[in-house]
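# What would the 3D arrangement of this be:
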Amino acid sequence: MLDYVIPLCLAMMGLALVLTLARMIKGPDLPDRILALDTLYINAIALLVLFGVWLDTGLYFEAALLIAVMGFIGTVAVAKYLLRGDIIE
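Below is the predicted model of the structure:
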C-alpha cells in the first residue's frame, strides 16, 4: 500500500509547490509574497522527506534540515528588514 501512497503524496506536494510558486509571483503585495516563500520552503522540506522515505535513505533528511535552517534565517532577515528597514544594526 505504501508503494501507491508515497508517489501520490509526492505528486500532491509537487502540485502544492507549483501553486505556491504561482502565488509568490502573482501576490498582491510584499507580505503575501513572503508568506508564499515560507510556504514554498516548507513544501520543499516535506517533498524531500517524502522522497527520502520512498528511497529509504537519510541523505534527503539532511538536505531538508539545511533548507529548514536557511528558510528560518531568511524569514527572520526579511521580517527584520520590513520592521526596521535594515538587517544589520
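# can I assume Met24 is in contact with Asp38?
No. Under the criterion of CB atoms under 8 Å, Met24 makes no contact with Asp38, lying 9.9 Å away. Just so you know, the C-beta spots here come from the backbone N, C-alpha and C atoms, and that holds for glycine as well.
# Toward the C-terminus, what is the element adjacent to the helix or strand encompassing Thr20?
Using DSSP states H and E, Thr20 sits within helix 2-26. Next in sequence after helix 2-26, counting helices and strands by DSSP H and E, comes helix 30-55.
# Can you spell out which helices and strands pack onto that following helix?
Using 3 or more CB pairs under 8 Å, 6 or more residues apart in numbering; DSSP states H and E, the elements in contact with helix 30-55 are helix 2-26, helix 59-84.
# what's the angle from that helix to helix 59-84?
170 degrees (axes from the mean of the first three to the mean of the last three CA atoms, to 10 degrees).
# how about the helices and strands packed on helix 30-55 in JSON lines, adding distance to Leu48?
Listed next are the helices and strands packed on helix 30-55 as JSON lines, based on distance: least, CB to CB, whole Å:
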{"stretch": "helix 2-26", "distance to Leu48": "10"}
{"stretch": "helix 59-84", "distance to Leu48": "4"}
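# and Phe51, which of the ones you listed is closest to it?
Shortest separation from Phe51 across the helices and strands packed on helix 30-55 is recorded for helix 59-84, at 5.4 Å, computed as CB to CB.
# same question for the closest one, mean pLDDT?
On average, the pLDDT along helix 59-84 is 89.
# ok now that helix, how far from the chain's centre?
Relative to its parent chain, helix 59-84 has a centroid offset of 9 Å by CA atoms, centre = their mean, to the nearest Å.
# likewise stretch 1-16?
On CA atoms, centre = their mean, the centre of stretch 1-16 falls 17 Å from the chain's centre.
# buried sites along that stretch?
Of all the residues in stretch 1-16, those buried under the rule 16 or more other CB atoms under 10 Å are 9-10, 13, 16.
# Okay then, goodbye and thanks.
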